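**Student:** give me coordinates for this.
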Amino acid sequence: MISYAEHTLSNGLRVIAHRDPTSRMAAINLLYRVGARNENPNRTGFAHLFEHLMFRGTHDIPDFDTPVQMASGDNNAFTNNDYTDYYITLPKDNIETALWLEADRMMGLEISAEKLEAEKKVVIEEYKQRYLNQPYGDQWLLLRALCYKVHPYRWATIGLTPDHVRDATLDEVEAFYHRFYLPGNAILSVACDLDPDTVFRLAEKWFGEIKGSSLPSATFDPEPEQTAARREIVVRDVPATAITIAFPTGARLSRNFYLSDVISDLLAGGSSARLYQHLVKERQLFSAINAYITGDLDPGLFVVTGQLHPEIPTQRGEEAIWQELQDLASTMPTDYELEKVKNKFEAETIFGEINVMNKAMNLGFYDLTGDLPLINREVEIFRSISAQEVSTAAAEMFRPERSNTLIYEIGKA
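**Tutor:** Predicted coordinates:
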């Protein structure tokens, strides 16, 4: 159970405070409601580009990392399709250093032509190294385009093409910053041994004078219901034939999300789960196989992906995956299987709450969903799931007409 207090500054900044008397460290997490979903389809990759630019210094502080290090702290950031997250961990007595730095770059980021060009090169090189120049690197680029036809989840955080970042103008980048990097579009969550009123007072001190601005609510056309199977086969220089099958699943706050999460663990939650036991260990069809959900705010994906052993025909591997999916849909999991999955989730939740940064991050994320109290209800939700619900959900989800299959065949593209 994570205790917390919440407050909203007059400029719209949400502040969530958790007091942790066991930690001498303070975790400061600043989440911005901007991810790849908020980008123009003709200018993708901007949210990720800004994750880089935010470390390039402001008019007053040319180097972000040095003050953090001098305060015995550590910092980093990440971007996904739904939001961008910046976090700092440092001794509690130095908490104001973190708040000063985050407030400064919220209002005073210096985006010069020189800095922009430098970060463009970094992002484009990352695109090449991670997505184009390694085996299976473009899997998510291909899979998103296969699964989504309307929703902005159809492109990855890195963007549709490196050309979008390469061709971005300084005016376009500055407009993106002034549109999304606002107090009213951010959630500050703090976990440390300070009472919430002190945290709120410090937030007001450092962020209160930043001008607020209303940001139009982001609305997206819902992805149409998929009614026909989709399939793509690519030839790549890869070490093994790979099969990936993805299915639409529920939004983050839906019951279907939790059912899908349980199903993914039943299938691939460790070496004792069904896919590994049946397809890797017993039948020796795959060298590796996994199943997971994307966990997006809007309806996401349930993904099964595996690499075949040499000489195993692709069709045989696909049929084996479908057999496992249909077995779960037609036969309820045993009480032992289901209890094991539930125990695992509860244990991970409890252990996760030990880490002060995990708590700060989670508070920010759950506030983003619009249901902050959910942070303390999820174990109960998982505990309430029945074996019959699991099989019913599997039967509804694992239908051929809702499948998106991506095959990597061995060869030279």
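
**Student:** wait, what's in contact with the residue most central in space within the chain?
**Tutor:** Nearest to the centroid of the C-alpha atoms of the chain, with distances taken as Cα atoms, centre = their mean, sits residue 80, at 4.9 Å. Residue 80 makes contacts with 35-36, 157, as judged by Cβ atoms under 8 Å, 6 or more residues apart in numbering. Glycine gets a C-beta too; all of them are placed from N, C-alpha and C.

**Student:** list only those of these flagged as buried.
**Tutor:** 35-36, 157 (16 or more other Cβ atoms under 10 Å).

**Student:** mind listing residues that contact stretch 4-20?
**Tutor:** Applying Cβ under 8 Å, 6+ apart, the set of residues contacting stretch 4-20 is 2-3, 182-196, 199-200, 203-204, 207-208, 210-214, 356, 359-360, 363-364, 367, 372, 375.

**Student:** one more pass at 6 Å, please.
**Tutor:** For stretch 4-20, contacts defined as Cβ atoms under 6 Å, 6 or more residues apart in numbering pick out 2, 183-184, 186-191, 193, 195-196, 199-200, 203, 207-208, 210, 212, 356, 359, 363, 367.

**Student:** quote the end-to-end distance of it.
**Tutor:** 10 Å (Cα to Cα, to the nearest Å).

**Student:** give me the mean pLDDT for it.
**Tutor:** For stretch 4-20, mean pLDDT rounds to 97.

**Student:** wait, a helix at residue 380?
**Tutor:** Yes: counting by DSSP: H, G, I helix; E, B strand; the rest coil, residue 380 falls inside a helix.

**Student:** pLDDT score for it?
**Tutor:** pLDDT recorded at residue 380 is 97.

**Student:** quick one: it from residue 363, how far?
**Tutor:** 18 Å (Cβ to Cβ, to the nearest Å).

**Student:** between the two, which one's more packed in?
**Tutor:** Between residue 380 and residue 363, counted using other Cβ atoms under 10 Å, the more crowded position is residue 363 (26 against 9).

**Student:** could you verify that residue 272 is part of a strand?
**Tutor:** No: under three-state DSSP, residue 272 falls outside any strand and is assigned coil.

**Student:** where does pLDDT dip in the stretch 151-300 of the chain?
**Tutor:** For the stretch 151-300 of the chain, residues meeting the criterion pLDDT under 70 lie at 214, 216-217.

**Student:** which parts of it are helices?
**Tutor:** Here the stretch 151-300 of the chain has its helices, by DSSP state H, counting those that start in this stretch, at 162-166, 170-180, 196-207, 255-268, 274-275.

**Student:** and those helices: which comes nearest residue 401?
**Tutor:** Within these, the stretch nearest residue 401 is helix 255-268; the backing value is 17.4 Å (Cβ to Cβ).

**Student:** what sits up against the closest one?
**Tutor:** 249-250, 273-275, 290-293, 302, 333, 337, 341, 381, 385, 390, 393-394.

**Student:** please redo it, this time with the cut-off set to 8 Å
**Tutor:** 249-251, 273-276, 289-293, 295, 300, 302, 304, 324-325, 328, 333, 337-338, 341-342, 344-345, 378, 381-382, 385, 389-390, 393-394, 397.

**Student:** in strands only, show me these.
**Tutor:** When the contacts of helix 255-268 are checked against strands (DSSP state E), the matches are 289-293, 302, 304.

**Student:** quick one, which of those are buried?
**Tutor:** 289-293, 302, 304.

**Student:** farthest-separated two in those?
**Tutor:** 289 and 293, at 15.5 Å, using Cβ to Cβ across those.

**Student:** just the buried ones among the contacts of helix 255-268, please.
**Tutor:** Judged by 16+ other Cβ under 10 Å, buried ones among the contacts of helix 255-268: 249-250, 273-276, 289-293, 300, 302, 304, 324-325, 328, 333, 337-338, 341-342, 345, 378, 382, 385, 389-390, 393-394, 397.

**Student:** what count of nearby residues applies to the nearest residue to residue 45 once chain neighbours are set aside?
**Tutor:** In space, and not counting its chain neighbours, residue 45 is closest to residue 159: 2.7 Å by Cβ to Cβ, 6 or more residues apart in numbering. Residue 159 sits with 24 neighbouring residues when counted by other Cβ under 10 Å.
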